[in-house]
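Participant: Return atomic coordinates for the entry below.
(one chain, ligands or ions: 1)
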Amino acid sequence: MVKKTKSPVTYAKIKGIVSYFTALIKDKKLGSNYPIYQQMDFFQHESSLSGDDGAAAVSFSNPIEELQSRVSAADFDYLKVIGTGSFGKVFLATHRENGRYYAVKVLQKHGILARKEERHVMCEHSVLLKTLNHPFLVKLHFSFQTKDRLYLVLDYACGGELFYHLHREWVFGEPRARFYAAEIASALGYLHSLNIVYRDLKPENVLLDSGGHVVLTDFGLCKEGVTGRGTIRTFCGTPEYLAPEVLQQRKYDRTVDWWGLGAVLHEMLYGLPPFYSTDRLEMLRNIISQPLELKPGVSSAARDLLKRLLNKDRAKRLGAKRDLTELQSHAFFSSIQWDELFAKKIPPPFVPSLSGPGDLTNIDPRFTELPVPQSLGVCEEYGATFPGFTYINDNILSLSAQTSGH
Ligand code: ATP
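Facilitator: Numbers count the residues shown, from 1 in each chain. Model (predicted):
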């Protein structure tokens, strides 16, 4: 087993990889007719494609924003670090009044502004607001800001990262991989139905809830407003799981998510992403030009699905025409009752052993050993750096009704 250490993939890292790769292609003529990234303004194409006029166009108004004073950073006790990402950290926290556990994603404003990432953050926020009703997408309860930080209060997925379990077990058996792949596919199909492309599917973003069901998190790289076979060109995502058209800066569409699902399914079944090489450049080159080789040891239905999802030609990739429906009728998923799956009636193949809702057993100690800053609960006045960020889910209204005796 190749031990992968998780380090946040920053755009600086991607920039480095792409610059190097670009130079390599220029020098060694890898056979691509398409220029790889030549400029690093990650948002330029997005704004022209979505027809808006850049960061200034990102604004969200919420009818209950005036309730902002009812929920703030000071209402939570921050207990442990449970994850890290490129914009900040995720903490396990309890609400002081209702005693419930939440995962609070805290983003540093200065880092976001310095890297001009406002659009990604507001995009994540916007997607979280839109996708409150899918069983396999993380739920946003509140969001608020202080002078220095943005806070997203999410359901705590206490089963941990799929990545964490996968890398402890090396591979999953087919029934288990099928279950996760089906729940992930269901979530992706739902996002696509809202014209959202997820774009960053990787095992670290697939979490498990207390019952062992999938919870897809991290919508920072989603792209909204991509209808039908609409295309985008922005370079983003995690190199191992990037589709060839993304690496080559060709136009891409929602089928990048089906490639991502193929990559995650491959890793679940074989223990490594497809086209894997310890030499990262070699791996990127393989993604673009090497035919997919699948070793024996998995069923022919699984291999066929992988071949179809990992088709380098996005127009021929499974899902290109009828999206999720095409995947649902593939032989690999023949035993899945999709309605039952959606209703969470299919018993998960693995149920995390937990002592309670705040259990940290399935969270990597590399995170939980990190210090929790004392200043997280301090509420300085906030500027209007991120207007429209504040959000309070309906359940705070019932909470206040309970506490005021109504
Ligand atoms: P990236 O650099 O991958 O874009 P990010 O800054 O957007 O990361 P997330 O991916 O959202 O941050 O979160 C980082 C990690 O925190 C996740 O990989 C996961 O381990 C943990 N995490 C995030 N949300 C939750 C949650 N709701 N419950 C439990 N753990 C979570």
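Participant: show me where pLDDT drops low in the protein?
Facilitator: Low-confidence segments of the chain, defined by pLDDT under 70, are located at 1-69, 115-132, 219-238, 380-406.
Participant: which parts of it sit against the ligand?
Facilitator: Residues of the chain lying close to the ligand by C-beta under 6 Å from any ligand atom are 8-9, 82-87, 90, 103, 105, 138, 154-157, 161, 204-205, 207, 217-218, 220. Quick note: C-beta positions are derived from backbone N, CA and C, even for glycine.
Participant: List buried residues within those residues.
Facilitator: Neighbour counting over the residues of the chain next to the ligand (16 or more other C-beta atoms under 10 Å) leaves 9, 82-87, 90, 103, 105, 138, 154-157, 161, 204-205, 207, 217-218, 220 as the buried ones.
Participant: Output the helix ranked longest in the chain in CSV with nothing but the alpha carbons.
Facilitator: With secondary structure taken from DSSP state H, the chain has its longest helix at helix 174-193. Extracted in CSV, the C-alpha atoms of helix 174-193 (Å, rounded to 0.1, in the frame of the first residue of the first chain):
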residue,chain,number,x,y,z
GLU,A,174,-17.3,-4.7,-4.1
PRO,A,175,-20.6,-4.5,-2.1
ARG,A,176,-19.2,-1.9,0.1
ALA,A,177,-17.6,0.1,-2.8
ARG,A,178,-20.9,-0.2,-4.7
PHE,A,179,-22.9,1.2,-1.7
TYR,A,180,-20.7,4.3,-1.4
ALA,A,181,-20.4,4.8,-5.2
ALA,A,182,-24.2,4.7,-5.4
GLU,A,183,-24.8,7.2,-2.6
ILE,A,184,-22.1,9.5,-4.1
ALA,A,185,-23.7,9.2,-7.5
SER,A,186,-27.1,10.0,-6.1
ALA,A,187,-25.7,13.2,-4.5
LEU,A,188,-23.8,14.2,-7.7
GLY,A,189,-27.0,13.6,-9.8
TYR,A,190,-28.9,15.9,-7.5
LEU,A,191,-26.3,18.6,-7.7
HIS,A,192,-26.3,18.3,-11.5
SER,A,193,-30.1,18.6,-11.5
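Participant: ok, back up a step: give me the subset of the buried ones among the residues of the chain next to the ligand that lies in strands.
Facilitator: 82, 83, 84, 90, 103, 105, 154, 155, 161, 207 (DSSP state E).
Participant: Looking at those, spot the one nearest the ligand.
Facilitator: Distance to the ligand, by C-beta to the nearest ligand atom, is smallest for residue 83 among these, at 1.8 Å.
Participant: For the residue nearest to the closest one when sequence neighbours are not counted, give the beta-bridge partners.
Facilitator: Using C-beta to C-beta, 6 or more residues apart in numbering and skipping the chain neighbours, the partner closest in space to residue 83 is residue 90 (3.8 Å). Partner residues in beta bridges with residue 90, using DSSP bridges, are residue 83, residue 105.
Participant: who are the neighbours in contact with residue 90?
Facilitator: Going by C-beta atoms under 8 Å, 6 or more residues apart in numbering, residue 90 touches 81, 82, 83, 84, 103, 104, 105, 106.
Participant: Number of residues surrounding residue 98?
Facilitator: The burial count assigned to residue 98 is 14, neighbours taken as other C-beta atoms under 10 Å.
Participant: ok, now which ones touch the residue of the stretch 201-350 of the chain found nearest the ligand?
Facilitator: Among all residues of the stretch 201-350 of the chain, residue 218 sits closest to the ligand, at 3.4 Å; criterion: C-beta to the nearest ligand atom. Applying C-beta under 8 Å, 6+ apart to residue 218 gives the contacts 85, 124, 200, 204, 205.
Participant: Pull out the buried residues from stretch 134-153.
Facilitator: Counting neighbours by 16+ other C-beta under 10 Å, one finds that the buried residues in stretch 134-153 are 134-146, 148-153.
Participant: Quick one: the helices in this protein, in order.
Facilitator: Counting by DSSP H, the helices of the chain are 11-28, 44-50, 109-114, 118-130, 162-169, 174-193, 244-247, 255-270, 280-289, 300-309, 324-328, 338-342, 365-368, 394-403.
Participant: Flag every buried residue along the third one.
Facilitator: Read it as helix 109-114. Of the residues in helix 109-114, those with enough neighbours to count as buried (16+ other C-beta under 10 Å) are 109, 112.
Participant: what packs against it?
Facilitator: strand 149-155 (3 or more C-beta pairs under 8 Å, 6 or more residues apart in numbering; DSSP states H and E).
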